[in-house]
Each structure stands twice: as C-alpha cells, then as structure tokens.
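*Asks:* Sequence plus predicted model, see below.
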Amino acid sequence: MEQEQLKNFRAWFDDYVAGLYGNDEFVNANLQLKERHSLRTCEEMLYLADELDFSDNQKRLSEVIALFHDIGRFEQFVKYRTYNDTRSINHCLLGLEVLDEAKVLERVERKEKQLIEKAIEYHGAKELPKDLDGQCLLFSKLIRDADKLDVFYVVTEYYKQHRLNPQEFMLEVELPDEPGYSEQVVDRILDGQKIDYNMLQTWNDMKLCQLGWVYDVNFTTTLKRIKQRRFLEKIVDFLPKTEDVEKVKKKIFEYVDCRIQQEE
Ligand SMILES: [Fe+2]
C-alpha cells in the first residue's frame with residue numbers, strides 16, 4: 001500500500017463522518033466519541049506496530065485497519081441511537097458494507113484488502129476464529145489490542161466526567177448506575193475467565209468486566225502500556241471499596257505482572 005492511499009483514506013474518513021453530524025446533540029456527542037476513538041486507535045495501533053518492529057507497509061496497513069475498524073459505528077448510531085450490537089446491528093459487518101458501498105478499498109491489492117476486511121470483521125468478535133493464521137491473525141490481534149487500549153482511556157475519562165458532572169452527561173449509558181455488583185462477575189474474574197456482556201447488570205459489573213479485558217490482551221507490549229498508563233488502577237478507583245474488589249484487583253494485577261515477567 002502506498003502512503004498516498006493512506007492520505008486518501010484519511011480524507012475519505014473525515015468527509016464521511018462530517019456528513020453524518022446533524023441537529024441532534026445526543027447523536028452528535030456520540031458520533032464525536034467514536035470519531036475521536038478511531039483517530040486515537042490509529043495512534044495506539046502505530047505505537048504497537050512500532051514496538052513490534054513492523055515494516056513501513058505493515059505500519060500503513062495497521063493504520064488503515066485502525067482508522068476503519070469502527071466505521072460501522074457512525075451509521076449504527078444515526079440509525080439506531082445505540083452502540084449495542086445485540087439491540088441493533090453487528091457494527092463490524094456494517095462497517096464492511098459501508099466501505100464496500102463507497103468503494104473505499106477498491107484500489108487496494110487483493111490480499112491486503114482481505115486482510116484489512118478480516119481484521120475489521122473480527123475486531124469485535126468474542127473470540128478470534130481458530131483457523132486464522134499468518135498476517136491475518138497478526139493484524140486481527142493487533143487491532144483488538146489497540147482498540148482496548150483506547151477504550152480503557154475512553155472509559156476512565158467517562159467515569160471521571162460522570163463523577164464530576166452526572167447531570168450534564170449526554171452519552172448513552174446502557175446499565176443502571178447502582179452501588180452493587182454481581183457475585184457471578186467477580187467469581188469469573190477470580191477464576192481467570194472472560195466475562196460475557198449479557199452477564200452484566202450494573203455499571204460496576206461493566207467496570208469489573210473491563211478489568212477482565214486483560215485476559216484477552218494479545219501482546220505483552222499492550223499490557224505494559226496498560227500498566228504504564230495506570231488504567232487498571234483508575235478503574236478500581238471507581239469501584240466500591242469492598243473485599244471482593246480488593247481480591248479482583250490483586251488477581252488482575254498479578255496476572256499482568258506475571259505475563260510481563262514471562263516475556264522478560
Ligand atoms: Fe468496534
């Protein structure tokens with residue numbers, strides 16, 4: 001892929017997204033959230049690509065994947081006013097349709113186009129398909145990590161804003177902000193297992209689930225970055241101060257340290 005193509009993709013992205021803003025402030029706020037998320041995910045992706053010593057071409061591919069990974073989110077929100085895929089549409093597949101309709105990737109070499117599309121398709125899947133291999137697997141793993149890194153940033157900012165100013169909060173909140181959490185969620189994390197989204201009942205469950213994302217991180221360099229930016233500490237800080245939470249914290253922190261040490 002040429003550098004020139006990347007420039008065109010950036011320009012197309014800006015135009016496409018700009019065209020979806022309208023008079024509804026609620027929709028606009030949510031579109032902006034995803035627009036900024038997409039751009040920051042590009043930065044995270046390039047950070048990881050650099051750490052992993054990618055070639056220049058691999059770096060360009062990384063950037064395109066990150067830029068377009070959530071391209072389906074915009075139409076999803078305009079149409080359904082939610083980011084909940086179960087209640088609306090699979091945003092990964094919708095993204096592929098959007099790119100296809102606008103013929104965005106038309107001039108990309110066949111193999112690279114396929115790679116970009118697969119990485120977009122699988123970035124939101126519960127798990128990657130077992131038969132993925134080679135570059136396809138590599139880029140699919142990478143976007144899942146870069147995405148998580150930025151979502152960690154987004155949610156920690158989000159909790160902070162909400163604490164400061166709960167009334168002015170415009171963004172869509174899917175779960176009730178109640179003081180409790182589900183024992184089942186705690187148990188699964190202590191058991192080293194990922195959490196199913198349909199298990200979540202409160203905001204605190206969501207926060208616990210976010211701590212559990214570390215089990216799904218593919219690269220040690222991602223875990224190092226999570227640690228360096230203190231995302232986990234920040235999330236714990238927004239959870240109730242209970243023995244359960246303390247146990248979860250210990251479990252998660254030890255897990256991260258252990259994986260980092262294994263690499264060294
Ligand atoms: Fe996504």
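*Replies:* Happy to help now that I have it.
*Asks:* Domain parsing of this protein, as residue ranges.
*Replies:* Domains of the chain are assigned by automatic domain parsing as 3-145, 175-263.
*Asks:* Which one of those domains lies nearest to the ion?
*Replies:* Comparison of these against the ion by C-beta to the ion identifies domain 3-145 as nearest, at 4.3 Å. Quick note: C-beta positions are derived from backbone N, CA and C, even for glycine.
*Asks:* May I have the residues that are in contact with the residue lying closest to residue 219 once chain neighbours are set aside?
*Replies:* Nearest in space to residue 219, with sequence neighbours left out and distances taken as C-beta to C-beta, 6 or more residues apart in numbering, is residue 145 at 5.5 Å. Applying C-beta atoms under 8 Å, 6 or more residues apart in numbering, we find residue 145 in contact with 44, 48, 217-219, 222.
*Asks:* what do you get if the cut-off is 10 Å, keeping everything else the same?
*Replies:* Taking C-beta atoms under 10 Å, 6 or more residues apart in numbering, we find residue 145 in contact with 44-45, 48, 213, 216-219, 221-223, 225-226.
*Asks:* got a markdown table for the residues you listed, with distance to residue 84, pLDDT and neighbour count too?
*Replies:* A markdown table is the format used below for these (distance: C-beta to C-beta, whole Å; pLDDT from 0 to 100; neighbours: other C-beta atoms under 10 Å):
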| residue | distance to residue 84 | pLDDT | neighbour count |
| --- | --- | --- | --- |
| 44 | 24 | 98 | 24 |
| 45 | 25 | 98 | 28 |
| 48 | 28 | 98 | 23 |
| 213 | 18 | 95 | 21 |
| 216 | 19 | 95 | 14 |
| 217 | 23 | 97 | 20 |
| 218 | 25 | 97 | 18 |
| 219 | 28 | 97 | 19 |
| 221 | 31 | 97 | 17 |
| 222 | 26 | 98 | 24 |
| 223 | 28 | 98 | 21 |
| 225 | 28 | 97 | 20 |
| 226 | 25 | 98 | 20 |
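*Asks:* Looking at the residues you listed, spot the one nearest residue 71.
*Replies:* The nearest member of the contacts of residue 145 to residue 71, counting by C-beta to C-beta, is residue 45 at 14.5 Å.
*Asks:* isn't residue 197 right next to residue 126, touching?
*Replies:* Yes - using C-beta atoms under 10 Å, residue 197 is in contact with residue 126, at 8.6 Å.
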